[in-house]
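Visitor: Build the 3D model from these lines:
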Amino acid sequence: MDNQRIFGLEQIACFSEQGATVTSIIETENSSIAIWGVQPQQIVQPHSHPDGQDTWVMLKGTLTYCLGDGQTQILRQGDVAIAEKNQVHGAINHGRENAIFVSIYSAPHIGYQKESA
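Guide: Prediction:
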């Protein structure tokens with residue numbers, strides 16, 4: 001790991017016509033951080049993490065955040081959403097602009113399990 005500690009997040013975010021795009025920023029022994037670019041109508045599939053917490057920080061746009069059991073809530077710029085171990089989460093961009101959020105994982109390898117909405 002180099003000594004970089006400051007990251008220009010919106011410059012790192014990537015987008016693809018193929019689907020929501022995740023880009024790793026940094027991984028340490030204590031956490032990992034990634035940035036997501038989600039174009040209108042793209043989906044971050046509902047999922048859970050069996051080995052850690054996933055915290056999302058909305059930087060731009062809005063997302064309809066999946067809480068599991070068919071429940072959703074709108075995430076807007078400046079909102080933070082926390083999914084503890086095994087809590088279902090995911091999102092869809094129903095808006096007209098690109099959405100960008102940071103995902104902070106409580107451990108570098110928290111696992112991934114696909115779940116139904």
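Visitor: so which strand or helix has the spatially most central residue of the chain?
Guide: By C-alpha atoms, centre = their mean, the chain has its centre lying nearest to residue 103, at 4.3 Å. Taking DSSP states H and E as the definition, residue 103 sits inside strand 99-105.
Visitor: Please save the CA atoms from that strand in PDB.
Guide: This file holds the C-alpha atoms of strand 99-105, laid out as PDB (Å, rounded to 0.1, in the frame of the first residue of the first chain):
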ATOM      1  CA  ALA A  99     -25.800   8.400  -9.100                       C
ATOM      2  CA  ILE A 100     -22.500   8.000  -7.300                       C
ATOM      3  CA  PHE A 101     -22.000   6.500  -3.900                       C
ATOM      4  CA  VAL A 102     -19.100   5.300  -1.800                       C
ATOM      5  CA  SER A 103     -19.300   1.800  -0.200                       C
ATOM      6  CA  ILE A 104     -17.300   1.300   3.000                       C
ATOM      7  CA  TYR A 105     -16.900  -2.300   4.000                       C
END
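Visitor: Following element in sequence after that strand, please.
Guide: Counting by DSSP H and E, what follows strand 99-105 is strand 113-114.
Visitor: Indicate each strand paired with that next one and its parallel or antiparallel sense.
Guide: strand 43-48 (antiparallel) (DSSP bridges).
Visitor: And the next helix or strand past the partner strand?
Guide: strand 54-60.
Visitor: If you count contacts, what does that next one end up packed against?
Guide: helix 9-12, strand 71-76, strand 80-83, strand 99-105 (3 or more C-beta pairs under 8 Å, 6 or more residues apart in numbering; DSSP states H and E). The C-beta positions use only the backbone N, C-alpha and C, and glycine is treated the same way.
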